[in-house]
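K.L.:
below: sequence and its predicted model.
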Amino acid sequence: MSEGLHPAQITAYRKMTPARRLELGMAFIEQIREVRAAMLRFEHPDWTPAEVARALREFVLHARS
């Protein structure tokens, strides 16, 4: 997990409560979903909101780490 993180970031994360780390993680996931949805709308301007939502669900279901 610490790859690419500055030592000060690691220290800050270690000082956080588990609840705060979870909150930040969930906010990050929501930001990724918003960016991906914007990309889908850009790549497929003719898609309806339902089609974008479907593609976003597929993206989330098949995401790889």
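P.N.:
Structure's in. What do you need? Owing to the predicted nature of the structure, the values given are computational and were not obtained by experimental measurement.

K.L.:
ok, longest helix in this protein?
P.N.:
For the chain, the longest helix by residue count, based on DSSP state H, is helix 18-43.

K.L.:
go through that one and flag the buried ones.
P.N.:
Residues of helix 18-43 classed as buried by neighbour count (16 or more other CB atoms under 10 Å): Arg36, Ala37, Leu40. To be clear about C-beta, it is placed using only N, CA and C from the backbone, and glycine gets the same treatment.

K.L.:
how about stretch 45-62?
P.N.:
So, applying 16+ other CB under 10 Å, buried residues of stretch 45-62: Val52, Ala55, Leu56.

K.L.:
make a markdown table out of those and add pLDDT, distance to Met16 and secondary structure.
P.N.:
Formatted as a markdown table, those follow (pLDDT from 0 to 100; distance: CB to CB, whole Å; DSSP: H, G, I helix; E, B strand; the rest coil):
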| residue | pLDDT | distance to Met16 | secondary structure |
| --- | --- | --- | --- |
| Val52 | 97 | 34 | helix |
| Ala55 | 95 | 34 | helix |
| Leu56 | 94 | 29 | helix |
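
K.L.:
and the residue of the chain positioned farthest from its centre, what does it touch?
P.N.:
The outermost residue of the chain relative to its centre, with distances by CA atoms, centre = their mean, is Asp46 at 24.4 Å. By CB atoms under 8 Å, 6 or more residues apart in numbering, Asp46 lies in contact with nothing.

K.L.:
on that earlier part again, and the longest helix of the chain, what's its mean pLDDT?
P.N.:
Averaging pLDDT along helix 18-43 yields 95.
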